[in-house]
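Enquirer: show me the folded form of this:
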Amino acid sequence: MESAFSIVAEPNRRAILSLLAASERSVSEIEHQLRMPQPSVSKHLRVLRDAGFVEARVDAQRRVYRIRPEPLMEVDAWLTPFRRFWSNHVDALERHLDRLEQASAKHEPPKHEPPKHEPPKHESPKREPPKQEKKR
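Expert: Model (predicted):
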């Protein structure tokens, strides 16, 4: 059996997993969303199903697929020691977004950015159409 990493290394399978992470979908919905031919979608779903990443249920004439999180735990466990590299950055981003939200709630520009001023717009003088002489 392939490892979780080799399963998710394939871009089409990652795209299918991303769709299924949002909600369960039928094969035809996946085809439509990803603009992939049905045989390709079915092939990738079979690999994902055999590896335990997805499961299917029958709904009338169609199969509806949903994600199974257990195989992703292998990927998550592998990433654990690396989280320290980005967690500080994510925390800093969260603090920054909180400051922006608070400033926006007070209707004040954020303290780290100067207020943006637009240059005055100069209107061109209005011209009246030329007067036509009346013919007699």
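Enquirer: tell me, what residue is most central in this structure?
Expert: For the chain, the residue whose C-alpha lies nearest the mean C-alpha position (CA atoms, centre = their mean) is Ser18; its distance is 9.0 Å.
Enquirer: pretty sure it sits in a helix.
Expert: Yes. Remark: Ser18 belongs to a helix, assigned using DSSP: H, G, I helix; E, B strand; the rest coil.
Enquirer: state the distance from it to Phe53.
Expert: Distance check for Ser18 against Phe53: by CB to CB, to the nearest Å, it reads 12 Å. C-betas here are computed from N, CA, C, even on glycine.
Enquirer: swap in His96?
Expert: Going from His96 to Phe53 by CB to CB gives 35 Å.
Enquirer: okay, domains of this protein per the record?
Expert: Structural domains assigned to the chain are 4-70, 81-105, following automatic domain parsing.
Enquirer: start and end of the longest one, how far apart?
Expert: When you say that, I think you mean domain 4-70. Taking CA to CA, to the nearest Å as the measure, domain 4-70 stretches 10 Å from start to finish.
Enquirer: try stretch 30-39
Expert: Stretch 30-39 has an end-to-end distance of 12 Å (criterion: CA to CA).
Enquirer: show me which residues of that stretch are buried.
Expert: Of the residues in stretch 30-39, Ile30, Glu31, Leu34, Met36 count as buried by neighbour count, 16 or more other CB atoms under 10 Å.
Enquirer: what do you get for stretch 18-25?
Expert: Within stretch 18-25, the residues scored as buried using 16+ other CB under 10 Å are Leu19, Leu20, Glu24, Arg25.
Enquirer: mean confidence (pLDDT) on it, please.
Expert: Per-residue pLDDT values over stretch 18-25 give a mean of 95.
Enquirer: use 561 as the first number from now on
Expert: Yep, numbering from 561; the last one is stretch 578-585 now.
Enquirer: can you list contacts of it?
Expert: Among residues not part of stretch 578-585, those counted as contacts by CB atoms under 8 Å, 6 or more residues apart in numbering are Glu589, Ile590, Gln593, Leu594, Val614, Val624, Tyr625, Arg626, Ile627.
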